[in-house]
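S.K.: make a model of this:
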Amino acid sequence: MNQSATSTIVSPGHWNQDSELAVCGQTSHGGRLTAMIDIARAAGDVTLEYFGKSDLVFESKSDDSPVTIADRNAEKKVREWVAERFPDDAVEGEEFENTAGKSDYRWVVDPIDGTKSFICGVPLYSTLLALQHGDDVIAGAILLPALDEILVAVTGCGAWHQRRGGDWVRAQVSKRDALKDVVFVTSQVDSFAERGSAKAYAELERSTRFTRTWGDGFGYVLLCTGQVDIMVDPMCKVWDVAAAMPVVLEAGGRFSDWHGRVTARSGDALGTNGVLHDRVLEILGS
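M.R.: Just a heads-up that it's a prediction; the model follows:
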């Protein structure tokens, strides 16, 4: 399916000069918005040191989810960069205890979203980084290290997409408005049954054009570039979706929990192209 995006582009060399996104990054929040991309990429580079290695070892955490040295070292990299550049900021991440801060800023990091894909050598995992100011998530970056692809958004500045070091292209969700014509993606099908929502999954699968498990951060990239139309997380933590929330909203979509509240902290999430959101919420609540 074709990407749905405007023709507005930003040359990589203009990121720190006069583009709409660059100006927003430079003039707002003490340079944090521009630094966000550098920090995400530094963490992504750490994951690539381990990606595809046949001798990669993983452990199971208390919730039975896998974790690797790559997860931990990538998150350490984020924490080191934040401590060096913005020492008063808090950090919340998947692999380590929260770091308290003195400022109103909090960084939320998932070093590898899609660790199961990562372990299997599937390049659809992502590194997620969000910036929160007070109670508001004001920026997010979804980096696909193995694909050399990144999607970033800043509240009020739009969502922007870059592939393989090319031009920054304004990202935009699709405009498809009939369930029978759209693509529904999710991270793991059995999560619906685990939370007692197997009926909702079956209805979404039946009602949409087709369904795939192109989930995690990658699913939100597909949504925000107009390639799919619905992304559902039946069970998630804040670090799984905090980065996605501003990206979806700035790409023209809607993001909420399953009750329609615009939050990343409810334990479930829904991202859509906006047109379909209320209908999908009805199905999820059935």
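S.K.: you'd agree Phe255 is up against Ala269?
M.R.: Yes: using CB atoms under 8 Å, Phe255 is in contact with Ala269, at 7.0 Å. Where C-beta positions appear, they are placed from N, C-alpha and C, glycine not excepted.
S.K.: overlap in contacts, the two.
M.R.: Val241, Ala244, Met245 (CB atoms under 8 Å, 6 or more residues apart in numbering).
S.K.: if you count neighbours, what's buried in stretch 76-90?
M.R.: Residues of stretch 76-90 classed as buried by neighbour count (16 or more other CB atoms under 10 Å): Lys76, Lys77, Val78, Arg79, Trp81, Val82, Phe86, Asp89, Ala90.
S.K.: which residue, other than its chain neighbours, is closest to the last one?
M.R.: Just to be clear, that refers to Ala90. Nearest non-adjacent residue to Ala90, counting by CB to CB, 6 or more residues apart in numbering: Gly101, 3.3 Å away.
S.K.: a strand runs through the one you found, doesn't it?
M.R.: No: Gly101: not assigned to a strand; according to DSSP: H, G, I helix; E, B strand; the rest coil it is coil.
S.K.: and the helices in the protein?
M.R.: All helices of the chain, identified by DSSP state H, fall at 20-27, 32-48, 69-85, 115-119, 190-194, 198-207, 216-224, 238-241, 244-250, 277-284.
S.K.: and these: which comes nearest Ile138?
M.R.: Closest to Ile138 of these, according to CB to CB: helix 244-250, at 6.6 Å.
S.K.: which residues are contacting that closest one?
M.R.: Residues external to helix 244-250 that are found in contact with it (CB under 8 Å, 6+ apart): 128, 130, 137-140, 142, 151-155, 157-159, 171, 173, 217, 220, 223-224, 231, 254-255, 262, 264, 269, 271.
S.K.: which of those residues count as buried?
M.R.: When these are checked for burial by 16+ other CB under 10 Å, the buried set is 128, 130, 137-140, 142, 151-155, 157-159, 171, 173, 217, 220, 223-224, 231, 254-255, 264, 269, 271.
S.K.: low-confidence ranges in the stretch 51-200 of the chain?
M.R.: Low-confidence segments of the stretch 51-200 of the chain, defined by pLDDT under 70, span residues 62, 64.
S.K.: can you tell me the centre-most residue of the chain?
M.R.: Residue closest to the average C-alpha location in the chain (CA atoms, centre = their mean): Ala244, at 3.6 Å.
S.K.: end to end, how far does stretch 54-65 reach?
M.R.: Start-to-end span of stretch 54-65 (CA to CA, to the nearest Å) is 20 Å.
S.K.: and stretch 88-96, by the same measure?
M.R.: One end of stretch 88-96 to the other measures 18 Å (CA to CA).
S.K.: how far is that stretch from where the chain is centred?
M.R.: Taking CA atoms, centre = their mean, to the nearest Å, the mean C-alpha location of stretch 88-96 is offset from the chain mean by 17 Å.
S.K.: name the surrounding residues that touch that stretch.
M.R.: With contact meaning CB under 8 Å, 6+ apart, stretch 88-96 is reached by 32, 67, 71-72, 75-76, 78-79, 82, 98-103, 105-111, 237-239.
S.K.: change it to 6 Å
M.R.: 71-72, 75, 79, 82, 98-103, 105-110, 239 (CB atoms under 6 Å, 6 or more residues apart in numbering).
S.K.: narrow the residues you listed to those that are buried.
M.R.: For those, a burial check counting by 16+ other CB under 10 Å picks out 71-72, 75, 79, 82, 101, 105-110, 239.
S.K.: a markdown table for the residues you listed, including distance to Leu249?
M.R.: Formatted as a markdown table, the buried ones among the contacts of stretch 88-96 follow (distance: CB to CB, whole Å):
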| residue | distance to Leu249 |
| --- | --- |
| Asp71 | 27 |
| Arg72 | 31 |
| Glu75 | 25 |
| Arg79 | 27 |
| Val82 | 24 |
| Gly101 | 25 |
| Tyr105 | 19 |
| Arg106 | 18 |
| Trp107 | 19 |
| Val108 | 16 |
| Val109 | 20 |
| Asp110 | 19 |
| Trp239 | 18 |
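S.K.: just these now: which is nearest Lys116?
M.R.: Distance to Lys116, by CB to CB, is smallest for Asp71 among the buried ones among the contacts of stretch 88-96, at 11.6 Å.
S.K.: that closest one contacts Ile112, doesn't it?
M.R.: Yes: between Asp71 and Ile112 there is a contact under CB atoms under 6 Å: 4.8 Å.
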